[in-house]
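**Student:** how would this look folded up:
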Amino acid sequence: MDEPNPSHEPDRRRDDERASRQMWSLAGLGVEFAAAVAGLTILGWWIDRSFDTQPTWTIVGCAVGFVGGLRNLIVAARRQFRG
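**Tutor:** Below is the predicted model of the structure:
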């Protein structure tokens, strides 16, 4: 029966911490993307209601939020894979 090697424990712990940080970083990116889309869509909806231009600014807000959120995801992914 193999006994755990205590000399590898710090390496394993460090790898687990790194994986946890990466997971939370990716989760944060997902929340950031959703917030960009939702926030700008709601802003567009409010402008549409205020100026009776439905659905023009809602669609514009959603599109701008999607593009901005996607840009942030791409920048973060490039940064993640570089270093």
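**Student:** residue ranges for the helices of the chain, please.
**Tutor:** Along the chain, the stretches classed as helices by DSSP state H are 9-51, 56-82.
**Student:** Mind putting these into TSV with mean pLDDT and mean neighbour count?
**Tutor:** The C-beta positions use only the backbone N, C-alpha and C, and glycine is treated the same way. Converted to TSV, the helices of the chain look like this (pLDDT from 0 to 100; neighbours: other C-beta atoms under 10 Å):
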stretch	mean pLDDT	mean neighbour count
helix 9-51	91	13
helix 56-82	93	15
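**Student:** what comes into contact with stretch 28-39?
**Tutor:** Cys62, Gly65, Phe66, Gly68, Gly69, Leu70, Asn72, Leu73, Ala76 (C-beta atoms under 8 Å, 6 or more residues apart in numbering).
**Student:** What separation do you get for the last one and Val67?
**Tutor:** Right, the one you point to is Ala76. For Ala76, the distance to Val67 equals 15 Å [C-beta to C-beta, to the nearest Å].
**Student:** which residues does Thr41 contact?
**Tutor:** With contact taken as C-beta under 8 Å, 6+ apart, Thr41 is in contact with Thr58, Gly61, Cys62, Gly65.
**Student:** Would you mind measuring from the first one to Val67?
**Tutor:** So that's Thr58. Between Thr58 and Val67 the distance, using C-beta to C-beta, works out to 15 Å.
**Student:** same check, this time on the second one
**Tutor:** Gly61 is 11 Å from Val67, where distance means C-beta to C-beta.
**Student:** thinking again about what came up before, what is the nearest of the contacts of Thr41 to Arg12?
**Tutor:** Comparing the contacts of Thr41 against Arg12 with C-beta to C-beta places Gly65 closest, at 40.4 Å.
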